[in-house]
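# coords below, sequence missing:
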């Protein structure tokens, strides 16, 4: 992982400061403003230091009924957000093709619903440190860091969505291991726990980067969890995966979601979006995930992407 000692030291100190002190959190005042700690209101000089807390300011909510709907919407993430396995749109760039981006991906549904201008930056294989805040090597092609592109213009995005973390915890690798070999051992439990601990630090870094790159006035950020793709092994070869392994995978998905969710309360501008494919898993009558022999196994179908979009839209409609 490409991190400087200074940056990681600052992130760790901020993380533990958030855990041990309630004074770093912003609270709404009676007039609708924000009551901040002295450290948070020390001005631009204080914000330039690595000890300033990114939860210090509360961003304006996205006004979805604003005339014209001229918003800058940036979609970050991995293959789920990219739309892997679905048809590519016409006029795709080399990066779009390399990243498996599809116009059926949920960011397009959100953008079309609210008439937003969309920068679809999600890329298959992306992790937080290799894809979101640092560049990603994808099939020998260097994909710029998604945050670098997101903040490459003068204006700060108004809305950012992200589905990220599965590759950090080797989610697909575990599914493949369960399907081709065996999984769910105590060693697998330990590996998964270590990966989740690292993911928490990486997500903290991602949100901190968004805060600093937006000059302390961050946009609204929605970060999703993940759906459980398999509920039962009844439609799969019994010699490939057992119901016990399916149950273990489901438990790991829940733990992954909890790891993602646990970081967001430390950033007042970030919200969690739960994803639920209950009744539409792999062996259901109407699955929202692609089959094990598909181009992108257990990734969302077009209907699955639409369901994810609706999950984000429900949170966007909250006041």
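Received the coordinates, thanks. Quantities reported herein were computed from a predicted structural model and do not represent experimental measurements. Residues are numbered from 1 along each chain as shown.

# tell me who's in contact with residue 257.
Each residue near residue 257 by C-beta atoms under 8 Å, 6 or more residues apart in numbering is listed here: 225-226, 274. For every residue, glycine as well, the C-beta is placed using N, CA and C.

# name the element it belongs to?
helix 243-263 (DSSP states H and E).

# roughly how far apart are residue 204 and residue 259?
Distance, residue 204 to residue 259, by C-beta to C-beta, to the nearest Å: 11 Å.

# flag every buried residue along the helix holding residue 257.
Applying a neighbour-count criterion of 16 or more other C-beta atoms under 10 Å, one finds 245-246, 248-249, 252-253, 255-257, 259-260, 263 buried in helix 243-263.

# now swap in stretch 195-205 and tell me
So for stretch 195-205, counting by 16+ other C-beta under 10 Å, buried means 195-196, 198-205.

# what is the nearest of the residues you listed to residue 310?
Taking C-beta to C-beta as the measure, residue 310 lies nearest residue 203 of the buried residues of stretch 195-205, at 23.7 Å.

# nearest spatial neighbour of the closest one, chain-adjacent residues omitted?
residue 263 (4.5 Å; C-beta to C-beta, 6 or more residues apart in numbering).

# do I have it right that the one you found meets residue 204?
Yes. Using C-beta atoms under 8 Å, residue 263 is in contact with residue 204, at 5.5 Å.

# which stretches of the stretch 201-319 of the chain have low pLDDT?
Low-confidence segments of the stretch 201-319 of the chain (pLDDT under 70): 237-239, 319.

# one more time with 80
Along the stretch 201-319 of the chain, segments meeting pLDDT under 80 span 232-241, 319.

# the stretch 1-150 of the chain too?
Residues of the stretch 1-150 of the chain meeting the criterion pLDDT under 80: 1-71, 89-90.

# rerun at 90
The stretch 1-150 of the chain contains residues with pLDDT under 90 at 1-72, 88-93, 115, 139.

# the strands in it, which residues?
If you assign secondary structure with DSSP state E, counting those that start in this stretch, the strands in the stretch 1-150 of the chain sit at 27-28, 34-35, 72-77, 117-120, 136-138, 141-143.

# ok, back up a step: and the gap between the residue nearest to residue 203 and residue 245?
Applying C-beta to C-beta to residue 263 and residue 245 gives a distance of 28 Å.

# same check, this time on residue 205
On the measure of C-beta to C-beta, residue 205 and residue 245 end up 32 Å apart.

# report pLDDT for the residue nearest in space to the middle of the chain.
Closest residue to the average C-alpha location of the chain: residue 163 at 2.7 Å, with C-alpha atoms, centre = their mean. The per-residue pLDDT reported for residue 163 equals 98.

# so who does it touch?
Counted by C-beta under 8 Å, 6+ apart, residue 163 has contacts 76-78, 80-81, 122, 223-224, 226, 308.

# list just the nearest of the contacts of residue 257 to residue 189.
residue 226 (18.3 Å).

# count of neighbours near the closest one?
Using other C-beta atoms under 10 Å, residue 226 has 23 other residues around it.

# just the helices in the stretch 201-319 of the chain please.
Using DSSP state H, counting those that start in this stretch, the helices of the stretch 201-319 of the chain run over 243-263, 302-316.

# how much space between residue 110 and residue 273?
Counting by C-beta to C-beta, the gap from residue 110 to residue 273 is 11 Å.

# quick check: neighbours shared by those two?
161, 312.

# can I assume residue 191 sits in a strand?
No. Per DSSP: H, G, I helix; E, B strand; the rest coil, residue 191 lies outside any strand segment and is helix.
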